[in-house]
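**Q** predicted model and sequence below, questions to follow.
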Amino acid sequence: MCSIKNIKCHDEGGKLRLTFDWPIGVGEVYVNGKLFTLQEYKARGGFVTEKIRGRTVYYISDSEVALGSSVCFIEKTLITCKIREISGFGYDKRYKNHEITLTTDYPVPENVICYSIGDNIYCFGEAIPADRPLMRVIRTGRNDHIRIFIDSEYEMLYEIS
């Protein structure tokens, strides 16, 4: 039985600090298989590591072979969405176009971004490359509204602003 309790993740920009109640009488622990001493813990104020984008699980145990406690940290990828509405072209004012631009600092796989018009739901079906916008024009009825959202399967990893 692992005696490591009360594990917490602290997001510090590009770094992640793990803190926990150090087990009594133990001089070292393993964090994802890496040996970490009590002196290092005290000097650094916890276990400090580079933040990894996406879902990362940290396992902490008081021996190399024992099962330990774990904590999961999720760093969401932010997707910026801009919608510009272009109303009525020429003589046909029954429709309007929505110019949608999606940008992100990290690649986003296809089928993550969806949109709905009324009760109909559609998937963008294209990956968004890092640092290069994905643009799409979607035509709707004059009184229709468009809503952009993340597929529920990916909500824990991505966020739209």
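**A** Received it, and whenever you're ready, just let me know what you need. Numbering: from 1, shown residues only.

**Q** hey, let's count contacts and neighbours off CA atoms from now on
**A** OK.

**Q** find the nearest non-adjacent residue to Glu85, please.
**A** Spatial nearest neighbour of Glu85, chain neighbours left out: His98 (4.6 Å); criterion: CA to CA, 6 or more residues apart in numbering.

**Q** again with Gly46
**A** Closest residue to Gly46 apart from its sequence neighbours, by CA to CA, 6+ apart: Thr19 at 4.9 Å.

**Q** what residues are up against the one you found?
**A** The neighbourhood of Thr19, defined by CA atoms under 8 Å, 6 or more residues apart in numbering, consists of Asn6, Ile7, Lys8, Cys9, His10, Gly45, Gly46, Phe47.

**Q** turn those residues into a markdown table, columns for neighbour count and distance to Ile117.
**A** A markdown table is the format used below for these (neighbours: other CA atoms under 10 Å; distance: CA to CA, whole Å):
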| residue | neighbour count | distance to Ile117 |
| --- | --- | --- |
| Asn6 | 10 | 45 |
| Ile7 | 16 | 43 |
| Lys8 | 16 | 41 |
| Cys9 | 18 | 39 |
| His10 | 13 | 39 |
| Gly45 | 12 | 50 |
| Gly46 | 20 | 48 |
| Phe47 | 18 | 47 |
